[in-house]
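*Asks:* no letters, just coordinates:
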């Protein structure tokens, strides 16, 4: 596990964003861990989160011209990450523009559903996690309609989890399906692999290692 990934798992634990126990997740499964990026809810925590996003994007080597944040979670994430990129010492490019969408079209002023810089060039979609891929699909449609190119997706955590009912699990994870469907990379700050590596190295959390491993064996890739 790289230092960046290790530090992000530790940071998520400290912020209460990553928790261990028994949690009913969106799919209806009972998960031994839960990741709720909405709990990054202070200036300091979102600022630190944005630095992780910026570093993961730069480390990926994926070429990009701007960021796009799908409503609603992607709005503060794209904004904060654009700021972090503008302040990054290793970024050899100009100020990075960003845009996001509204759920409903504005009927006054400039109107429309898009806010921010014009969508153009290679666009990175930024979100917290990928569950069903709905926001990615909608974002790709918006970006292509503007004549720009979806260049990748940047997320905080790859759960490495397959979708579908227990007796009809898909062969691929939600992240893999998105990558294959749109022929573009999905970049994550950390993944379930990194969480498991952190558990293996932390005696205080070692009790959760077996349940997380069992959950991955049943649902993971």
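*Replies:* Alright, I've got the coordinates. Since this is a predicted model, take the numbers as computed values, not measurements.
*Asks:* am I right that residue 140 is in a helix?
*Replies:* Yes - when DSSP: H, G, I helix; E, B strand; the rest coil is applied, residue 140 is found to be in a helix.
*Asks:* identify each buried residue in the helix or strand of the chain with the lowest mean pLDDT, please.
*Replies:* Lowest on mean pLDDT, DSSP states H and E among the helices and strands of the chain sits strand 98-106, with a mean of 82. Judged by neighbour count using 16 or more other Cβ atoms under 10 Å, the buried positions of strand 98-106 are 98, 99, 100, 101. For glycine as for every other residue, the C-beta is placed from the backbone atoms N, C-alpha and C.
*Asks:* quick one, strands of the protein?
*Replies:* 18-24, 30-35, 66-69, 98-106, 112-116, 122-126, 149-158, 186-191 (DSSP state E).
*Asks:* just the helices from the protein, written as ranges.
*Replies:* Taking DSSP state H to define them, one finds helices in the chain at 3-14, 43-60, 74-86, 134-145, 174-182, 192-200, 209-219.
*Asks:* deepest of those, which one?
*Replies:* helix 74-86 (a mean of 22; mean count of other Cβ atoms under 10 Å).
*Asks:* and the angle for it with strand 122-126?
*Replies:* 120 degrees (axes from the mean of the first three to the mean of the last three Cα atoms, to 10 degrees).
*Asks:* pretty sure residue 27 contacts residue 163?
*Replies:* Yes - with contact defined as Cβ atoms under 8 Å, residue 27 reaches residue 163; the gap is 7.3 Å.
*Asks:* not counting its neighbours along the chain, what's nearest residue 25?
*Replies:* residue 31 (4.8 Å; Cβ to Cβ, 6 or more residues apart in numbering).
*Asks:* so who does residue 130 touch?
*Replies:* By Cβ atoms under 8 Å, 6 or more residues apart in numbering, the contact list for residue 130 reads 136, 153, 155, 158, 174, 175, 178, 186.
*Asks:* what's the lowest-pLDDT member of those residues?
*Replies:* Note: of those, the lowest pLDDT belongs to residue 174, at 90.
*Asks:* roughly how far apart are that one and residue 74?
*Replies:* 16 Å (Cβ to Cβ, to the nearest Å).
*Asks:* do the same with residue 30
*Replies:* Taken as Cβ to Cβ, the span from residue 30 to residue 74 is 28 Å.
*Asks:* point out where the protein drops to low pLDDT.
*Replies:* 1, 92-93, 105-111 (pLDDT under 70).
*Asks:* grab the most central residue of it for me.
*Replies:* Nearest to the mean C-alpha position of the chain, by Cα atoms, centre = their mean, lies residue 155 at 1.6 Å.
*Asks:* before we move on, the earlier item: got the contacts of residue 130 as JSON lines, with distance to residue 42 columns?
*Replies:* Below are those laid out as JSON lines (distance: Cβ to Cβ, whole Å):
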{"residue": "136", "distance to residue 42": "27"}
{"residue": "153", "distance to residue 42": "25"}
{"residue": "155", "distance to residue 42": "21"}
{"residue": "158", "distance to residue 42": "25"}
{"residue": "174", "distance to residue 42": "29"}
{"residue": "175", "distance to residue 42": "28"}
{"residue": "178", "distance to residue 42": "30"}
{"residue": "186", "distance to residue 42": "27"}
